[in-house]
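Trainee: coordinates for the following, if possible.
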Amino acid sequence: MKSIQLYILLLDVSFALISLESRNEDPKTTPIMENMKLKITIGEDVLTAILYDNPTTRDWISTLPVTTTLEDHAGNEKIYYPQKKLTTDGAPSGYKPSKGDITYYAPWGDIAIFYKDFNYASGLISLGKIEGNGIEKLMRVNNGETIKLELEE
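Mentor: I've put the predicted structure just below:
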């Protein structure tokens, strides 16, 4: 009897894990905004990023251009707080970010740009990805250093 209960418990846990993973947004299948890129200016350096076509990204774009400072958080991401909380309509329950990912962390309301791979986080929404080796330049931005975020013309 205990072995049957254990088996059922293991099945429940397995299905829960599969369900969580299936709600994780996969950037390889997320539509990219056509003819629209993000331009990030850090002093003389200009980085570009692709943007994913979702309601949260569109809401974030409505706050641009913005000149702000980035703060290093947890030794794996640079963050800033946009002027308003962004919509999470239609967003997956979470996301597992990789180096170069631009995300929105809904619980805190911050934009997080990851310079290291990170674990799945509930409430994290993928907005885009920095192209080329731009993330290497971004990770060297010091706390309080000014950057400009705008749509590329």
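Trainee: these two touch, right, Leu47 and Ile130?
Mentor: Yes. With contact defined as CB atoms under 8 Å, Leu47 reaches Ile130; the gap is 5.9 Å. To be clear about C-beta, it is placed using only N, CA and C from the backbone, and glycine gets the same treatment.
Trainee: so what pLDDT did the residue nearest to the spatial centre of the chain get?
Mentor: In the chain, the C-alpha nearest the mean C-alpha coordinate belongs to Thr103, at 1.6 Å (CA atoms, centre = their mean). pLDDT, Thr103: 98.
Trainee: before we move on, the earlier item: overlap in contacts of Leu47 and Ile130?
Mentor: By the contact definition CB atoms under 8 Å, 6 or more residues apart in numbering, Leu47 and Ile130 are jointly contacted by Ile40, Leu138.
Trainee: surely the residue nearest to the centre of the chain is in contact with Ile125?
Mentor: Yes. Thr103 is within contact range of Ile125, at 6.1 Å (criterion: CB under 8 Å).
Trainee: what do these two both touch?
Mentor: When contacts are counted by CB under 8 Å, 6+ apart, Thr103 and Ile125 have Tyr95 as shared neighbours.
Trainee: who's in contact with the residue nearest to the centre of the chain?
Mentor: Tyr95, Pro97, Ile111, Ala112, Ile113, Phe114, Leu124, Ile125, Ser126, Leu127.
Trainee: try 6 Å this time
Mentor: Pro97, Ala112, Leu124, Ser126, Leu127 (CB atoms under 6 Å, 6 or more residues apart in numbering).
Trainee: where's the residue nearest to Gly94 when sequence neighbours are not counted relative to Ala106, distance?
Mentor: Spatial nearest neighbour of Gly94, chain neighbours left out: Ser122 (4.1 Å); criterion: CB to CB, 6 or more residues apart in numbering. Plainly put, Ser122 is 9 Å away from Ala106 if you go by CB to CB, to the nearest Å.
Trainee: pull the longest strand from this structure.
Mentor: strand 32-42 (DSSP state E).
Trainee: run me through the strand neighbours of that strand, direction for each.
Mentor: Using DSSP bridges, the strands paired with strand 32-42 are strand 45-52 (antiparallel), strand 146-151 (antiparallel).
Trainee: sorry, back to before: so which of the contacts of Thr103 sit within strands?
Mentor: Short answer: those in strands (DSSP E) are Ala112, Leu124, Ser126, Leu127.
Trainee: residue ranges in the chain under the pLDDT threshold?
Mentor: Per-residue confidence for the chain (pLDDT under 70) gives these ranges: 1-30.
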